[in-house]
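# predicted model and sequence below, questions to follow.
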Amino acid sequence: MMNGSRKTGLFFKAFFPTLITVFCSTFFMSRPLLSADFQSARKEMVENQIKRRGIHDKVVLQALLKVPRHLFVETEYLSRAYSDFALPIKENQTISQPYIVALMTQSAMLKADDRVLEIGTGSAYQAAVLAEIVKEVYSIEIVESLARTAEIKFKELGYNNVTVRHGDGYRGWQEKSPFDAILITAATPKIPRPLLDQLKVGGRMVLPLENTGASQKLMVLTRQEDGSLIEKLITGVVFVPMTGEIRQ
Ligand code: SAH
């Protein structure tokens, strides 16, 4: 027969570690995520997903470390804010994958004094990353509610160097042109001519050009003095389609 203290000893040996594990995991899983958690998740994202996949531009890495991506995703996806995925946002659109945002930003070869145009504001995350790097960002969004939400977000987060406009980005933003760089963050069936005309000589356009299949070619086009383009293929990507006039 076991005496009482041996029984208690056995209980502690056998079950106590399990109890502690269950308690800890329940506690940590159910507590609300803190800003420090997001900050360390963001650091890990930059180290393990962005740097490791070949993004080396320090200014781009710094911007990704700074922009709180969790404030640009829908609340049901909060726990995945720093995973390397595109995620659904309102109006059937998406917030781009962090690596692709980094790749497009790096490919645009930005300088602090640049003025940049983005077509497809969406969640506003890419524009916020740009705003960390350059002097002025202009972003056009065709879905009105997304444009309005983005405007509010920029105000709340203190991004005073971003201006959002609701409309079709196909014809660009003549009054603010020419731009040092133009990023199109929706899949285009062809190069939008009016946008090319708003690019400075030496300016870069980064865009996902449609292939025959479901994916697109991420391209960088650099405008030359004589109006011709130097075209560089970066990689294959999948974006939601650019809608509006470009499809006519
Ligand atoms: N840059 C975004 C990704 C947006 S997804 C981000 O960081 O989250 C593409 C966005 O392009 C969608 O919001 C879509 O509504 C918008 N879009 C599609 N066609 C457009 C057009 N012709 N002009 C402006 N925006 C457009």
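Perfect, I can see it now. Numbers count the residues shown, from 1 in each chain.
# got the contact list for E91?
143, 145-146 (C-beta atoms under 8 Å, 6 or more residues apart in numbering). All C-beta atoms are positioned from the backbone trio N, CA, C, and that covers glycine.
# which pLDDT value belongs to it?
Model confidence at E91, given as pLDDT, is 93.
# assign it to helix, strand or coil.
Secondary structure state of E91, per DSSP: H, G, I helix; E, B strand; the rest coil, is helix.
# any idea which helix or strand comes after the worst-scoring helix or strand of the chain on mean pLDDT?
Here the helix or strand of the chain ranked lowest by mean pLDDT, DSSP states H and E is helix 4-30, holding a mean of 52. Counting by DSSP states H and E, the next helix or strand C-terminal to helix 4-30 is helix 35-45.
# all helices for the protein, in order.
4-30, 35-45, 58-66, 98-107, 125-133, 144-157, 193-196 (DSSP state H).
# returning to what we had before: just checking: which of the contacts of E91 also lie near the ligand?
143, 146 (C-beta under 6 Å from any ligand atom).
# I'd like the contacts of E91 laid out as TSV, including distance to P68, neighbour count and pLDDT.
Formatted as TSV, those follow (distance: C-beta to C-beta, whole Å; neighbours: other C-beta atoms under 10 Å; pLDDT from 0 to 100):
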residue	distance to P68	neighbour count	pLDDT
V143	23	18	97
S145	22	11	97
L146	19	21	97
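# residues contacting P208?
Neighbours of P208 in contact, by C-beta under 8 Å, 6+ apart: 184-188, 216-219, 237, 239.
# what's the separation between it and I182?
Counting by C-beta to C-beta, to the nearest Å, the gap from P208 to I182 is 13 Å.
# what's the answer for I246, then?
14 Å.
# what about these two, which has more around it?
For I246 versus I182, the count of surrounding residues by other C-beta atoms under 10 Å is larger for I182: 29 against 23.
# now do the same contact list for the more buried one.
116-119, 172, 195, 198-199, 203-207.
# and if you look at F179?
So F179 contacts 114-117, 138, 198-200, 203 (C-beta under 8 Å, 6+ apart).
# buried ones in stretch 168-176, by neighbour count?
Neighbour-count burial for stretch 168-176 flags 169-173 (criterion: 16 or more other C-beta atoms under 10 Å).
# near the ligand, list only the ones from those residues.
169-170.
# need the buried residues of stretch 168-176 in TSV (columns: pLDDT).
Shown next, in TSV, are those (pLDDT from 0 to 100):
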residue	pLDDT
G169	98
Y170	98
R171	97
G172	98
W173	98
